[in-house]
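[1] Only the shape, not the letters, is given here:
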């Protein structure tokens, strides 16, 4: 899941202590730790390349760059057209590194896998399994939540078929 927020900076927004050119915008992208790793790359090489190509400044909010948090905030700053280009490059890069979510098995059943933060599992399952049962009843799908996180991960895999 990627969340986007757009904020206008400069112009008449005097309460902002940082100054930006009038045509400069800052957008935030909410990314998982795995996704932020793909965007930053080894030694920051990928994010530097993305900045160079897009002409935007990019950085991770230090307040969210803490182990154990389910998401990180990536700031992207520049003109709207450059932000649009940067976002597309970021999303393409993430998509290239994520495994396919949908797989059609030989029996013709479409299966999907997705990752959810550990702290969301209770909400997905519900008290006594009521939420997951309701999802399965109303959709006709089978839903299975991995019992534990994979080693080194803070997310659980959900299988849907």
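    Great, that's in hand. Predicted, not measured: the structure shown is a model, and the values here were computed from it. Residues are numbered from 1 along each chain as shown.
[2] who's in contact with stretch 81-92?
    Residues outside stretch 81-92 that contact it (C-beta atoms under 8 Å, 6 or more residues apart in numbering): 2, 4, 25, 27, 29, 39, 50, 53-56, 58, 74, 76-78. Bear in mind the C-beta positions are built from the backbone N, C-alpha and C, glycine included.
[3] Among these, name the ones in strands.
    Using DSSP state E, 4, 25, 27, 29, 58, 74, 76-78 are the members of the contacts of stretch 81-92 that sit in strands.
[4] Mark which of these are buried, thanks.
    25, 27, 29, 58, 74, 76-78 (16 or more other C-beta atoms under 10 Å).
[5] if we can go back for a sec, check the contacts of stretch 81-92 against residue 95 and report the nearest one.
    Distance to residue 95 across those (C-beta to C-beta) is lowest for residue 2, with 10.5 Å.
[6] Tell me what the residue positioned nearest the centre of the chain is bridged to.
    Centroid check for the chain by C-alpha atoms, centre = their mean gives residue 31 as the closest residue, at 2.9 Å. Counting by DSSP bridges, residue 31 is bridged to residue 72.
[7] for it, what are its contacts?
    Going by C-beta under 8 Å, 6+ apart, residue 31 touches 2, 39, 71-74, 94.
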